[in-house]
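1. mind folding the following:
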Amino acid sequence: MEKILREGERLDDLQNGYSLIQNPQQFCFGIDAVLLSWFAQVKPGERVLDMGTGTGIVPILLKARYPKGEHFTGLEIQEESAERARRSVAYNHLEQDITITTGDIKESASIYGGAFFDVVTTNPPYMIGHHGLTGSNEAKIIARHETLCNLEDIISQAAKVLKPKGRFYMVHRPFRLAEIMSVMVKYRIEPKRMRLVQPFADKEPNMVLIEGLRGGNSRMLVEKPLIVYEKQGIYTEEIQKIYGQEVIK
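-> I've put the predicted structure just below:
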């Protein structure tokens with residue numbers, strides 16, 4: 001354990017046979033990453049890229065749920081986070097299944113080549129530029145704000161690295177939904193499926209899960225809202241099932 005963890009880090013049990021190294025002083029994953037990994041679908045033999053993977057939570061969750069996926073790759077610009085993700089991969093003995101690359105999302109196509117992945121996932125920064133920027137924690141700022149890449153950078157690069165009819169999955173904020181749809185269509189990633197996430201049944205949505213198809217036709221399914229809490233501190237039955245994600249064989 002001493003060789004795996006660095007100062008200030010902890011090892012979190014993901015309740016699926018795997019664990020994740022995190023540093024509470026940096027940026028820890030939240031429910032949005034869990035929902036993204038549940039919403040995304042990976043077929044046997046498919047290659048997956050997670051853009052802005054942070055400490056590798058999404059590739060590890062996807063590997064646990066879709067063990068027949070061909071390979072899972074995480075792309076992360078912050079070397080400290082990428083190195084932590086690699087240690088989590090090694091701790092879980094997943095080196096043959098998951099690769100963590102240190103690199104810039106804006107250079108994805110140069111790093112991997114065009115039309116290489118079947119699936120792209122992303123839990124990108126939600127806030128535009130420096131809007132609402134507070135604090136001095138660089139890792140948190142980069143994770144939450146579009147300081148190093150923006151929505152168009154992510155979607156345009158996803159369009160390049162996805163194979164024709166490849167699928168794009170993203171979790172974001174509803175207040176940017178019009179922009180999200182517009183940019184996806186601009187780069188020929190057709191929105192195909194959407195689900196809004198509400199903290200409580202009587203509250204407005206604070207997250208949106210969206211699936212796009214590279215080169216798809218114009219037709220989208222809007223699923224019923226996903227409610228997170230039954231009451232304060234108590235997850236709904238559906239969220240409990242998501243946290244105990246079934247393995248897709």
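
2. hey, C-alpha coordinates of stretch 172-188 in CSV?
-> Extracted in CSV, the C-alpha atoms of stretch 172-188 (Å, rounded to 0.1, in the frame of the first residue of the first chain):
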residue,chain,number,x,y,z
HIS,A,172,-23.0,18.3,-19.0
ARG,A,173,-25.3,21.0,-17.7
PRO,A,174,-28.7,21.7,-19.1
PHE,A,175,-28.1,25.5,-19.3
ARG,A,176,-25.7,24.8,-22.2
LEU,A,177,-28.0,22.3,-24.0
ALA,A,178,-28.7,24.6,-27.0
GLU,A,179,-25.0,25.1,-27.6
ILE,A,180,-24.3,21.4,-27.1
MET,A,181,-26.8,20.4,-29.8
SER,A,182,-25.6,23.1,-32.2
VAL,A,183,-22.0,22.1,-31.9
MET,A,184,-22.7,18.4,-32.2
VAL,A,185,-24.7,18.9,-35.4
LYS,A,186,-22.0,21.2,-36.8
TYR,A,187,-19.5,18.3,-36.5
ARG,A,188,-22.0,15.7,-37.7
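
3. quick one: buried residues of it?
-> Residues of stretch 172-188 classed as buried by neighbour count (16 or more other Cβ atoms under 10 Å): 172, 174, 177, 180-181, 183-184, 187. For every residue, glycine as well, the C-beta is placed using N, CA and C.

4. among those residues, which are located in strands?
-> His172 (DSSP state E).

5. most widely separated two among the buried residues of stretch 172-188?
-> Largest separation among the buried residues of stretch 172-188 by Cβ to Cβ: Pro174 and Tyr187, giving 20.7 Å.

6. so which elements touch the longest helix seen in the chain?
-> Secondary structure of the chain per DSSP state H: the longest helix is helix 79-91. If contacts are counted by 3 or more Cβ pairs under 8 Å, 6 or more residues apart in numbering; DSSP states H and E, helix 79-91 sits against strand 19-22, helix 57-65, strand 71-76, strand 98-102.

7. got those as a markdown table, with mean neighbour count, distance to Lys249 and mean pLDDT columns?
-> Shown next, in a markdown table, are the helices and strands packed on helix 79-91 (neighbours: other Cβ atoms under 10 Å; distance: least, Cβ to Cβ, whole Å; pLDDT from 0 to 100):
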| stretch | mean neighbour count | distance to Lys249 | mean pLDDT |
| --- | --- | --- | --- |
| strand 19-22 | 21 | 22 | 97 |
| helix 57-65 | 25 | 10 | 98 |
| strand 71-76 | 24 | 16 | 98 |
| strand 98-102 | 20 | 19 | 98 |
